[in-house]
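Asker: generate coordinates for the sequence data below:
(one chain, ligands or ions: 1)
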Amino acid sequence: MAKPAPISIPASDKAAALALTPVSRETEARLDRYVDLLVAWQAKTNLVAPSTLPQLWTRHIADSLQLLDLAPSARRWLDFGSGGGFPGVVLACAMAEHEGASVQLVERIAKKAAFLREALRVTGGAGSVILADIGDYVDSSKAPIDCVTARAVAPLHILLGYAEPLVSRGAKALFLKGQDIESELTEATKYWNIEPILHPSRTGGHGWIVELNRIERR
Ligand SMILES: C[S@@+](CC[C@H](N)C(=O)[O-])C[C@H]1O[C@@H](n2cnc3c(N)ncnc32)[C@H](O)[C@@H]1O
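Answerer: As a prediction, the model looks like this:
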């Protein structure tokens, strides 16, 4: 049987991503190590949609990095459903530059949690992995959080339920969402009083970033 072709990420994709969302040389080096690890694991575990691999930097890394500009002073992050590490591992790579900063990555699938732990070890990213259901973890943890994130995890009205206890204690929520944001907002406002701020994605990978600073049950 023919061997699968090696996965290569074009240098032009990395250059395009870093033009959109510049990072320090230290963070870039951490991200390089993350990309190498992800590509190696992707051969045995499906961490990102294979068709998006050639745009790993623009579709996934820059998509994650753009959140930093929306919460520039946040140092204590919590990422729901980190999966292959977006945005959690990317944020942890960036947070490694800040003394005391940390990203908690919550993931319920053991194999993905193992990958995330390895990614933090290899990159030196500032964070920790919690193998748990998001709802259970949020209910049990009282750790202060500045910013909670999620990408491709659950419909908005479900994410709001997970995030509500954190936002009511002062966290900001930033959720990466796709083109069908209108219908998600319509559904969400049946259950929640919210004043969402919609930021168009700068990377084109996902449609919108929904920012929330207040979530109240109707
Ligand atoms: C489609 S993947 C997206 C992963 C990553 N956020 C990304 O954008 O590439 C969704 C991930 O969320 C995790 N997930 C979904 N619901 C969860 C829950 N209630 N608790 C913990 N993890 C959850 C899944 O196991 C999966 O790894």
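Asker: up against the ligand, what does the chain have?
Answerer: By Cβ under 6 Å from any ligand atom, the residues of the chain that approach the ligand are 81-84, 86, 106-109, 112, 133-134, 151-154. To be clear about C-beta, it is placed using only N, CA and C from the backbone, and glycine gets the same treatment.
Asker: buried ones among those?
Answerer: Burial by neighbour count, judged by 16 or more other Cβ atoms under 10 Å, picks out 81-84, 86, 106-107, 112, 134, 151, 153 from the residues of the chain next to the ligand.
Asker: these into JSON lines, with extra columns for pLDDT and secondary structure?
Answerer: Shown next, in JSON lines, are these (pLDDT from 0 to 100; DSSP: H, G, I helix; E, B strand; the rest coil):
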{"residue": "Gly81", "pLDDT": "98", "secondary structure": "coil"}
{"residue": "Ser82", "pLDDT": "98", "secondary structure": "coil"}
{"residue": "Gly83", "pLDDT": "98", "secondary structure": "coil"}
{"residue": "Gly84", "pLDDT": "98", "secondary structure": "coil"}
{"residue": "Phe86", "pLDDT": "98", "secondary structure": "coil"}
{"residue": "Val106", "pLDDT": "98", "secondary structure": "strand"}
{"residue": "Glu107", "pLDDT": "98", "secondary structure": "strand"}
{"residue": "Lys112", "pLDDT": "97", "secondary structure": "helix"}
{"residue": "Ile134", "pLDDT": "98", "secondary structure": "helix"}
{"residue": "Arg151", "pLDDT": "97", "secondary structure": "strand"}
{"residue": "Val153", "pLDDT": "98", "secondary structure": "coil"}
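Asker: who does Ile215 bridge with?
Answerer: Beta-bridge partners recorded for Ile215 (DSSP bridges): Ile194.
Asker: how about it, what does it touch?
Answerer: 160, 163-164, 167-168, 173, 192-194 (Cβ atoms under 8 Å, 6 or more residues apart in numbering).
Asker: how near is it to Val122?
Answerer: As judged by Cβ to Cβ, to the nearest Å, Ile215 and Val122 stand 35 Å apart.
Asker: could you do Ser82 as well?
Answerer: Taking Cβ to Cβ as the measure, Ser82 falls 15 Å from Val122.
Asker: pick out the most distant pair among the residues of the chain next to the ligand.
Answerer: Phe86 and Asp133 (19.4 Å; Cβ to Cβ).
Asker: circling back to that earlier point, which members of the contacts of Ile215 are classed as buried?
Answerer: Buried by 16+ other Cβ under 10 Å: 160, 163-164, 167, 173, 192, 194, out of the contacts of Ile215.
Asker: check which helix or strand covers Val39.
Answerer: helix 25-42 (DSSP states H and E).
Asker: count of neighbours near Arg25?
Answerer: Using other Cβ atoms under 10 Å, Arg25 is surrounded by 7 other residues.
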